[in-house]
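please work out how this folds:
(one chain, ligands or ions: 2)
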Amino acid sequence: MKESLKHYQKARKGLDDLATAKSGKGPIHPQYVASVLDRLAAEDAIFTCDVGTPTIWAARYLTMNGRRRLLGSFTHGSMANALPHAIGAQVSHRGRQVISMCGDGGLAMLMGDLLTLRQHQLPVKLIVFKNDSLAFVELEMKATGILDFGTDLHNPDFTKIAEGAGILGLKAEEPDQVESMIAEALKYDGPATGRGPRVAPGTLDAANNHAGAGQGLQPVYAESSPQRARRRDHRSGASQSRAVIHTTIQLEQRKGTIMATINTIPHSSIADTPCGMDLLDTPLLNKGTAFSAGERMELGLNGLLPPQVETLDEQVFRAYEAFQRKSDDLERHIYLRALQDTNEVLFYKLLLDHIEEMTPLVYTPTVALACEQFSHIYRRPRGLFISLSAS
Ligand SMILES: Cc1ncc(C[n+]2csc(CCOP(=O)(O)OP(=O)(O)O)c2C)c(N)n1
Ligand SMILES: [Mg+2]
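Ligands and ions are numbered 1, 2, ... in the order given. Here you go, the predicted model:
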């Protein structure tokens, strides 16, 4: 027993020696990040750790005291577990501090769950060990004596991704920023106005609408760059892959990957657009036989129109033939008014193509006759009817 304790004390000292900020200059040692986290976290915090080196840092530097909990994928060894574990822990223990120790590879795999945090207003604190690598596998390769291959990561700017998801995003790039960053992340509690440019103002406002004051409702996301210096070359490459967010239609021409966010019509507006018979009954939208095969399919018009698809000119030609078959001016007037009531595009094109012949029919003098005969020729409402009564 004594020998074991002695051995542990020696091993412990070696581990603690690694967990220092050194001169305060980079790179940031992940051991130091984990030991600061251990010191600042709540006495009953729930930690989750990703498969990969975060599991090592959790095992070596978190002080378990009977009240804290540590959740991980220890037997199964399945990557990307820390964030979903944290979501489960926070949902079931709303009042507890939940800290997710994420690998950059692990977080990237289930990054969509940042939106779950936002959606459910879960105040999980994510500490991302950003080493631009699948480091545990890189270590395994090196330990086996082979050259590491396929383990480099070209990371996005996680802080911006967090902000885009409506989550407070913090970043530490030097060791002397680590402690204050973790402290700020752990104490962040929802209403966070005045945090400056690190949080998108619009997002904060929206969060404030949901969050009760001081209830710890906001997820926080903090990133540290343990092997920052060594990976500088890769980072500059990664910065070319820029996400483009907050836009109506924004496509920027850059080298590398482009993500464009397009604000499309909300589903409800699409549902409001008439289809089928409702569409054919809407004169401003109805095109009659000019609806293409694709439009007919999409708008539920199959079976409601003659199968022949026509151009506007072909429609005009046919409509003019029908017009000419009318026996007198009042009949021609009724025909044109009916056309206007069913297909306005065709009506105006027909009118334009035969303007001299048709103007006297839709307007003076035939319109006077139409007014006289109004009660006989009325088909459907149009415009505004005003009744005058002598009083
Ligand atoms: C689903 C899954 N894929 C692959 C692995 C193998 N693997 C174990 S750790 C690891 C790297 C994890 O990378 P990261 O999350 O960045 O943590 P790091 O080791 O870099 O700290 C990989 C690929 C695994 N355990 N599970
Ligand atoms: Mg990594």
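
can we go C-alpha only for contacts and neighbour counts from here?
Will do.

tell me who's in contact with residue 349.
residue 316 (Cα atoms under 8 Å, 6 or more residues apart in numbering).

now it: how far from residue 284?
Noted for residue 349: a distance of 13 Å to residue 284, by Cα to Cα, to the nearest Å.

with residue 108 instead?
With distances taken as Cα to Cα, residue 108 is found 49 Å from residue 284.

so where's the stretch 101-250 of the chain shaky on pLDDT?
Applying pLDDT under 70 to the stretch 101-250 of the chain picks out residues 190-250.

go again with 90.
Within the stretch 101-250 of the chain, the set of residues satisfying pLDDT under 90 comprises 118-121, 144, 146-148, 159, 162-163, 165-177, 184, 187-250.

let's see the top helix by length along the chain as PDB, backbone CA atoms only.
When the chain is parsed with DSSP state H, its longest helix is helix 2-18. Output of helix 2-18 as PDB, limited to C-alpha atoms (Å, rounded to 0.1, in the frame of the first residue of the first chain):
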ATOM      1  CA  LYS A   2       2.700   2.400   1.000                       C
ATOM      2  CA  GLU A   3       4.600   1.600  -2.100                       C
ATOM      3  CA  SER A   4       1.500   2.200  -4.300                       C
ATOM      4  CA  LEU A   5       0.900   5.500  -2.600                       C
ATOM      5  CA  LYS A   6       4.500   6.600  -3.100                       C
ATOM      6  CA  HIS A   7       4.300   5.600  -6.800                       C
ATOM      7  CA  TYR A   8       1.100   7.600  -7.200                       C
ATOM      8  CA  GLN A   9       2.600  10.700  -5.500                       C
ATOM      9  CA  LYS A  10       5.500  10.500  -7.900                       C
ATOM     10  CA  ALA A  11       3.200  10.000 -10.900                       C
ATOM     11  CA  ARG A  12       0.900  12.800  -9.600                       C
ATOM     12  CA  LYS A  13       3.700  15.200  -9.400                       C
ATOM     13  CA  GLY A  14       4.700  14.400 -13.000                       C
ATOM     14  CA  LEU A  15       1.200  15.000 -14.200                       C
ATOM     15  CA  ASP A  16       0.800  18.300 -12.200                       C
ATOM     16  CA  ASP A  17       4.000  19.600 -13.600                       C
ATOM     17  CA  LEU A  18       2.500  19.300 -17.000                       C
END
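
just checking, what packs against that helix?
If you count contacts as 3 or more Cα pairs under 8 Å, 6 or more residues apart in numbering; DSSP states H and E, helix 2-18 packs onto no helix or strand.

now what about that helix, what contacts it?
29, 31, 32, 60.

are any of those residues buried, and if so which?
Buried members of the contacts of helix 2-18, scored by 16 or more other Cα atoms under 10 Å, are 29, 31, 32.

got a list of what the second one touches?
By Cα under 8 Å, 6+ apart, residue 31 lies in contact with 18, 19, 20, 57, 61.

next, give phi and psi for the fourth one.
Here the main-chain torsion angles of residue 57 (degrees, to the nearest 10) amount to phi -70, psi -40.

which residues does it contact?
For residue 57, the contact set (Cα under 8 Å, 6+ apart) comprises 30, 31, 34.

any idea how far it is from residue 356?
Counting by Cα to Cα, the gap from residue 57 to residue 356 is 88 Å.

what do you get for the third one?
As for residue 20, its distance to residue 356 is 92 Å (criterion: Cα to Cα).

and the two? which has more neighbours close in?
Comparing residue 20 with residue 356 by other Cα atoms under 10 Å, the one with more neighbours is residue 20, at 18 against 10.
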